[in-house]
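**Student:** please work out how this folds:
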Amino acid sequence: MDNPIIQGTAVNIYRTIKREVGSYDGIAVIEDDRTINYRTLFADVEKTAAIMLSSGITPDSRVAVNSANSYEYVLICLALLSIDAVIVPISIHAGAAETKNIIEHIAVNFLISGQPDT
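**Tutor:** All right, here's what the predicted structure looks like:
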């Protein structure tokens, strides 16, 4: 696999990554007892992006993501990149006041939040 120079918007970066590894059957993510290959990852990304678009997320939407490190976090971020939305990561450890401040300061359009398994 060549090392292409990646430049441009988020959607162009996503397309370059997908073109380079999107049909590769190698392992993309290992989480607990499951492994996900690149082919499955990018299929899941496309489904997630379609749901996001149908929910009103558009290119340049500012989307706060408050989720633990997980396959779903990777999936959400890649789906947002694929539609050229702006990812605004918020730590799951941030308190309510800090989260509110970030959302208001950045004028977030959407919030995707998940709780870690306990």
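**Student:** rest of the way, CA atoms for contacts and neighbours
**Tutor:** Will do.
**Student:** can you tell me the closest non-neighbouring residue to the residue most central in space within the chain?
**Tutor:** Centroid-nearest residue in the chain: residue 77, 0.8 Å away (criterion: CA atoms, centre = their mean). Take residue 77 and drop its neighbours on the chain: the residue closest to it by CA to CA, 6 or more residues apart in numbering is residue 87, 6.9 Å away.
**Student:** does residue 98 lie in a helix or a strand, and which?
**Tutor:** Secondary structure from DSSP states H and E places residue 98 in helix 96-106.
**Student:** what's the first helix or strand after that helix?
**Tutor:** With DSSP H and E, the next secondary element past helix 96-106 is strand 110-113.
**Student:** direction included, what does that next one pair against?
**Tutor:** strand 62-66 (parallel) (DSSP bridges).
**Student:** next, the angle helix 96-106 makes with the strand it pairs with.
**Tutor:** 160 degrees (axes from the mean of the first three to the mean of the last three CA atoms, to 10 degrees).
**Student:** other residues contacting whichever helix or strand comes after strand 62-66?
**Tutor:** As assigned by DSSP H and E, the chain's next helix or strand after strand 62-66 is helix 71-82. With contact meaning CA atoms under 8 Å, 6 or more residues apart in numbering, helix 71-82 is reached by 10-11, 13-15, 29, 31, 41, 44-46, 48-49, 67, 86-87.
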